[in-house]
Structures are given as structure tokens and as C-alpha cells.
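sequence first, then the predicted structure:
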Amino acid sequence: MNYPEQISHDLGLKKTQAAAVVSLLDEGATIWFIARYRKEKTGSLDEVAIADIQDRLESLKKLDTRRNAILSSLTERDLLNPDLEAAMGRAQTLTELEDLYEAHRPKKATRASKARDLGLSPLANAILAGQGRQKDALCRERVRPGSGVDTPDQALAGARDIIAETISQDLVVRQALRSLFRARAVIRSGVKKGKTEEGAKFRDYFDWSEPAFKAPSHRVHAMFRGLALGILSVRVLPEEDRALNTVHSRFKPLERCRDAGCRKQILLAAADAYKRLLSKSMEKEAMGKLKQNADLRAIEVFSSNLNALLLSPPLGEKRVMALDPGFRTGCKVACLSAQGGLEAHDLVYLHQPDKAKQRLKDLVSAHKIQAVAVGNGTAGRETQALVREMAASAGLLKDLDIVMTDESGASVYSASQTARQEFPDYDITVRGAVSIGRRLMDPLAELVKIDPKAMGVGQYQHDVDQTLLHQALDHVVKGCVNQVGVEVNTASPELLAQVSGLNQTTAANIVAFRDANGPFIDRKQLLKVPRLGPKAFEQAAGFLRIRNGKNPLDRSGIHPESYAVVRTMARDMGWDLEAVMGRPDKVHEVDLSAYVTQDTGLPTLEDILAELGSPGRDPRQPFQGVVFDDTVKEITDLLPGMQLPGIVTNITAFGAFVDLGVHQDGLVHISQMADRFVKDPHEVVRLRQQVRVRVVEVDVPRKRISLSMKTQGP
């Protein structure tokens, strides 16, 4: 298969664009490198388009792998003929390929194969040809007592088995039924006998039905989860009469048959083919497609949420005190340097407020603390209040940022191998507090150390295809890291491993080289790192920053391969690069057309000027803390009609969850997100966004809070 040609056709791209991306990917280039530094070759395709090309390329390669395996199997069994080989070559999807293979797939003994062994194929062929007299003659001829065909009815039944299998393998019939299932199938769920109490949380689906391929992904996942747990039964079928009519209208021998006796036998075989063979295979396929669609939607939601979480605004390099709240076990305190190093740790108790406030005040003073990160778990609001009282009494409220910080996944990090390596002499409570503080300073740098599935921003994440989920989340993490860039002299191995062209081994080697030889002074030094060769350097260098190196260009996103053209610009313009970097008014005086070459076009030159004007610019939004309503601390404090500030903690296909500071997130259903129709919650909100909501309903026993973002009443 000509991959670039097929991809350009499938994705609506120029052949030259598809060919360039395929070639670069085959050479080992990453999506992020291609999107950022090979714009001339790709026609400035962005990373989304390049990822689509990569996905389509992989699917086409899988298709060819499967095609070759099938052709090999058919050749070995001497079943391949020119027509079948040509049809296999034309197949554009795995479904088409498998349909073609269906009639030739090795099978266990079937009713049809047993009928063929009894010599009933000629009878079946006569019926399909509408040859009534031949049918009757063959029927009499095949009846031999003791042979397995003792009566004419047995002969006809065996022939119908052969015809039923023929119908089930008919490509036109299968495609028509497949289309019917997609358009008309209904998903029905019911509770299994004796499971009513055990499956109480699935009660919405005890007697549920809706058009299958219009069902929202979260309902599909809910039904399939109930099915997997043995609580629900789930079927996906169209109306049987409509399905049978489809089979009748698409099976050519039936359409051509004019003999009443033969037609009757074909109709009986068609009914058997659908009920016994086709309905089961098509239902299984439809359920698989529904699951796949629901998985893709859930992964899309998870990916979008994760992207927003990783790109949350960083507080930046400030000295931070972090508190991991707790009632009985106390609040774990960690004081961090501006670079995230642990300087001190302690433990204070909420039931000893005076002593706790004095200790916190002393720590703030001793370590010149500029911000306080308070974990948002149990006792979070009480701990935040204690810190605010301390700051107020010390006259620090205006100078000290006190921020409620999402602690999802902190416990996972604190017990991980990564945490043990970073803090071998401290227990998990100290590590957890450090993680909370660092994620306030730089969410991206800290959260890459945690399995994305532990961050609490997914929907049915344990039910979806785990391979697809891992691939998608890995893509998101790498995309965020390469979008922001990495300071090579301070980055952790986990952060470096996400950089284009690097992996865990090369990342660890960079850190080891840094520890042994001191900070990197220029990007060229990276070539001295063991196992980091020219190809990895090419892919990674532009995304690695050296803030205080000897070459000012090393702190920008300009790739070393373009340094020569920058030096030429500087010479022509009479620039001192150190002085001009960060001066957009100066750098945009350049006439770029004078520097266009065969390898360096306007897109790259424009990127160079943008980087010179704002070197290493962080694409994340400025930090802004969240302040909850001080009068509302528990779910019992909530009343319908209240309007409160909150922060979006998770977004699903059916709405958004909002933290109000009461230890239980409320739900803004998609129907309550705006005064207009909303198809996708991401149209209205983003993760970590500050919003104002109205309380609609509070169910304290079930810990459910219904919220609205509409300006009018519900």
C-alpha cells in the first residue's frame, strides 16, 4: 500500500504533506519535533494533524500485517485464487478484510460442514438456483436409511444449514446488516434475578432502553460495567422483522428465485441464518463498537482534563510551606526552597491551635516563606483557616499567598519508587507534603511523577481499553512537557524522560552527568551524555533550556541547527544578542525575506523572531489562587439558592464537578451549564477553572450536591 497516498486521501491532506510526515516518522522523529522544527517540510501542520497521520499510518500498517497473515494462511491451505487475492488487496478496513476471510476461516465442525459431509451440497445448490425439480430429485436421491439422512425433511434441513451458512458469509448481507445495527439497534438492559439489592447503584438501568449508537458514552459504560459485574443483562439488537427483511432484500439468490418450493426453503434458511448466526456475530460486533466508541470518548475527556491539569498556572519559584492536613494524625508541614528543595519539616495539630499557629509563624519567618499550599483533603478547610488566622495575627495576610491545593495522587507519589529515591530518609507523610507544595510551584514538573490515572480527572478510566488509555495519556503528558520546555539543570529524571527524543535511560544519564560535572553551560554538552547521540540531541535540544548558560540562545526554544542564521541576523543588524533577547520591539525590525533559504523558510524564521522577543516563554496562564466562601465548610452548610465560588475538579461527558470547599464535589449537569444548549462541557469550562455556581439541591445522606451555572432558575 502507498501509505502517504492513502493517508492524504483519508485525511484530506496534500500528498506532499503526508509523504513528508511519514518519512520523518519513519526516520524516528517525534510528533513534537516535526510540528515545531519541520514546518517547511510539512506545510506547517500542527501536532494534532501529525498525530492523526501517525495514527492512520499505524492502522494501515496493522491492516497490511493482518492482510499478509490471511494471504499466507490461504496460500498454505491452497485456498487462494486471483479474484480473492485481488479483493483482499482492495480491502481498506479490517472489517472488510475479515468479512472476506469469513468463508475461508478454519472452523470447528458446524451444522453446515456436517451436511456437506453427508453429500447435501448439490441439494443446497439446486435450491439456491431455484431448480425445483432438481431439488425434489436430489432430495429423494440423498435419502438412505442409516446414512444420517433418513427422511426428505432431514435432507432439506441439512441443505438449509448449508444455505444458512452461505447467507451468513455473504458480504452484501453482512454489510447491510451492519448498517442496520448502526442505524436501528437498541441497547436494552435489565437486572438479573436476585441482583436487585446488590446492584442498587445500577437501578437506573434495571429496565432501560435507547437507540444504541446515540447513547452517551457514560451510560454505555455504566451498562457494560453492570454486565461485567453480573448485575445487568445487556442486549444490542434492531427489530427482528426489520433485520429479516434486510437479509431477504440483500441475498441475491432469494431475489432471483421463482420456484415456490425453493423460495420457501431459502426463507427458512434466512431466518435461521439471522437468528442462529448473524444476529449473534453482529450483536457482538455492535457491542464491541459501542464499547470502542465509549472508550474513545472517555479517553478524549480524560486527555482534555489531564492536559488542562498539567498546564495549570504555576506559582513559580517562591519559597513555599506545604501542609498535608489531618485531624487525628496532625498536619504534616514541609518548608521548600524556591527550587523545591526540602529545608524543614514538622507536625502541628488542629486541636492545639495556639501552639500550631506559633510553630507555623516561626517556620514562615525562619524560611522566608512566600506562599502556603494546603492540601484539599480531610481537614483542609480547617487547616486553611488556621493558617489564615496565623497570617492575620502576624500581619502577613497581604504578603502570604494561602492556596488550597489539589492533593489528588499525592499519596500515590509518596509511596512510589520515585519518592523513595528523592527522599530516602523521610517517611511517606513528609513526601506527601512536599508533593503538595511542589505541585503549587510547578504542577507540570511534579505531576509527571504520578500515574495520570491517580489524578482523579478521568471518567470510567478503569473500564476503558487500558492500552489506548496509556497511549493517549502518554501523548498528553509529552505534549504538555514539550510545549512548556524543560530547564535541564533542575529537571527531575521523570520530567526529562518526557522530552522529545529522550527516554528514562537518557534522562537518568543527563541527571547523573549533571551531578558528576556540575550544571550544563551549553546545549552542546548534552552530546557528552552517555547514550545521547546526535539523533536524540536533534530531537530534544530545542525543548531543553539552559537558563544561565554561556550562550543566550540556549534559554530559548530556538533549535541549535538555527543558531547560524541567528548569528547572521545579529551581525547584519548590529545586535548584542544578550541585550536584544526579550525585546520584541527590536527583533521585529528584521526583514525575514533576506534570510530565507532552501532549508529555512518563513515559518521557521517567524518562530525564531518570536523566541528572540520572548525567549522560553511559558505558555501557561498566570497563577491565581482560589478563595472559597468562609461561611460554608461542610455539606450541611449548603442550602438551595446559595451562590458560591468554586473550582472545576473534573469534567465528564455529562457535566462538571466543582469543589466548593466542603469535602464533597458538586455536579453541574450538562443541562445546567449555560442558558443555551451545550453539547460538550468543555465548550463552557476547563479543568481548574474558577466558577460561580448556584446550589440547586443537596442530598446529605447520599452526599450529592446538584449545582447550576445558569443565570436563570433551573
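That came in fine, so what should we check first? Numbers count the residues shown, from 1 in each chain.

list the contacts for the most centrally placed residue in the chain?
For the chain, the residue nearest the mean C-alpha position is Ile299 (3.4 Å; C-alpha atoms, centre = their mean). Ile299 sits next to Val464, Asp465, Leu468, Leu469, Ala472 when contact means C-beta atoms under 8 Å, 6 or more residues apart in numbering. The way it works is simple: take the backbone N, C-alpha and C, and place the C-beta from them, glycine included.

other SSEs contacting the helix or strand containing Phe33?
Assigned by DSSP states H and E, Phe33 belongs to helix 31-37. If contacts are counted by 3 or more C-beta pairs under 8 Å, 6 or more residues apart in numbering; DSSP states H and E, helix 31-37 sits against helix 15-26, helix 39-42, helix 47-76, helix 466-484.

sorry, back to before: is it correct that the residue nearest to the centre of the chain falls within a strand?
No - counting by DSSP: H, G, I helix; E, B strand; the rest coil, Ile299 is not part of a strand but helix.

picking that back up, switch the contacts of Ile299 over to CSV; also include distance to Ala20, pLDDT and neighbour count.
Listed next are those as CSV, based on distance: C-beta to C-beta, whole Å; pLDDT from 0 to 100; neighbours: other C-beta atoms under 10 Å:
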residue, distance to Ala20, pLDDT, neighbour count
Val464, 33, 92, 23
Asp465, 31, 93, 15
Leu468, 27, 93, 14
Leu469, 30, 93, 21
Ala472, 25, 94, 22
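
got the CA coordinates for stretch 639-648 in PDB?
Output of stretch 639-648 as PDB, limited to C-alpha atoms (Å, rounded to 0.1, in the frame of the first residue of the first chain):
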ATOM      1  CA  LEU A 639     -28.800  25.500  51.100                       C
ATOM      2  CA  PRO A 640     -30.600  25.600  47.800                       C
ATOM      3  CA  GLY A 641     -30.300  29.000  46.200                       C
ATOM      4  CA  MET A 642     -26.800  29.800  47.600                       C
ATOM      5  CA  GLN A 643     -24.400  31.300  45.100                       C
ATOM      6  CA  LEU A 644     -20.800  30.200  45.800                       C
ATOM      7  CA  PRO A 645     -17.300  30.300  44.300                       C
ATOM      8  CA  GLY A 646     -15.700  27.000  43.300                       C
ATOM      9  CA  ILE A 647     -13.100  25.400  41.100                       C
ATOM     10  CA  VAL A 648     -13.700  22.700  38.500                       C
END
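
can you tell me what sits against it?
So stretch 639-648 is in contact with 626-629, 632, 656-661, 666, 685-698, 707, going by C-beta under 8 Å, 6+ apart.

stretch 572-580 now?
Residues outside stretch 572-580 that contact it (C-beta under 8 Å, 6+ apart): Pro552, Leu553, Val566, Met569, Ala570, Lys586, Val587, Glu589, Val590, Ala594, Leu612.

how about 7 Å then?
If you take C-beta atoms under 7 Å, 6 or more residues apart in numbering as the criterion, stretch 572-580 is touched by Pro552, Leu553, Ala570, Lys586, Val587, Glu589, Val590, Leu612.

again with stretch 693-703
By C-beta under 7 Å, 6+ apart, the list of residues contacting stretch 693-703 reads 635-636, 638-644, 646, 658, 664, 668, 705-709, 714.

buried members of the residues you listed into PyMOL, please.
Buried residues within the contacts of stretch 693-703, by 16 or more other C-beta atoms under 10 Å, are selected in PyMOL with:
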select buried, resi 635+638+642+644+646+658+664+668+705+706+707+708+709
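
what about the contacts of stretch 693-703, which are in helices?
Among the contacts of stretch 693-703, no member is found in helices (DSSP state H).

burial count for Val488?
Val488 has 26 neighbours, counted by other C-beta atoms under 10 Å.

just Asn125 next, same as before
Using other C-beta under 10 Å, Asn125 has 18 neighbouring residues.

which secondary structure element contains it?
Using DSSP H and E, Asn125 falls within helix 121-128.

starting at the chain centroid, how far to that helix?
With C-alpha atoms, centre = their mean, to the nearest Å as the basis, helix 121-128 stands 52 Å off its chain's centre.
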